[in-house]
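>>> Below are the sequence and a predicted model; questions follow.
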Amino acid sequence: MSLQQSDIEKVAHLARLGIDPADMPEHIKNLSSILDLVDQMNAVDTESVMPMAHPVDTAQRLRPDEVTETDQREQFQAIAPQVEAGLYLVPKVME
């Protein structure tokens, strides 16, 4: 599928993207290649392929839910710049 400059400009406008006119030929080529690949994938016959949620039908191995680290809160808060009532105090970043 061959795209035109007007197609790229329309997509860029909808996506609120600014495209340098000097880069336009490269964008046309790249997006046309992507759409050609999609056309190729759409041409593949998938009628006999069963839909699946995941390519591997196995259960996920989970580790035991155990505490593996010791509580180091006091040590971390001892080196923090500001702490109050067990909470870290940070500068206000939004009004």
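Arrived safely. Residues are numbered from 1 along each chain as shown.
>>> Read off the pLDDT value for the most centrally placed residue in the chain.
Using Cα atoms, centre = their mean, the residue of the chain that lies closest to the mean C-alpha position is residue 15, 16.8 Å off. Reading off the per-residue confidence, residue 15 sits at a pLDDT of 95.
>>> again, but for residue 60
Residue 60 is assigned a predicted lDDT (pLDDT) of 79.
>>> helix/strand/coil for it?
Put simply, residue 60 is coil when judged by DSSP: H, G, I helix; E, B strand; the rest coil.
>>> and it, how many neighbours does it have?
The tally of other residues near residue 60 (other Cβ atoms under 10 Å) stands at 6. Just so you know, the C-beta spots here come from the backbone N, C-alpha and C atoms, and that holds for glycine as well.
>>> That one and residue 54, how far apart?
Taking Cβ to Cβ, to the nearest Å as the measure, residue 60 and residue 54 are separated by 10 Å.
>>> same check, this time on residue 13
Between residue 13 and residue 54 the distance, using Cβ to Cβ, works out to 38 Å.
>>> out of the two, which sits in the busier spot?
Neighbour totals were compared for residue 13 and residue 54, and residue 13 leads with 11 against 7 (other Cβ under 10 Å).
>>> What strand or helix carries that one?
helix 5-14 (DSSP states H and E).
>>> Residue 40 too?
With elements delineated by DSSP H and E, residue 40 resides in helix 24-43, which encompasses its position.
>>> Enumerate the positions of that helix that are buried.
27-28, 32 (16 or more other Cβ atoms under 10 Å).
>>> Which neighbouring elements make contact with that helix?
Helix 24-43 is packed against helix 5-14, with contacts defined by 3 or more Cβ pairs under 8 Å, 6 or more residues apart in numbering; DSSP states H and E.
>>> and the helix it packs on with helix 24-43, angle?
Here helix 5-14 points in a direction 90 degrees away from that of helix 24-43 (axes from the mean of the first three to the mean of the last three Cα atoms, to 10 degrees).
>>> contacting residues around residue 43?
By Cβ atoms under 8 Å, 6 or more residues apart in numbering, the contact set of residue 43 is empty.
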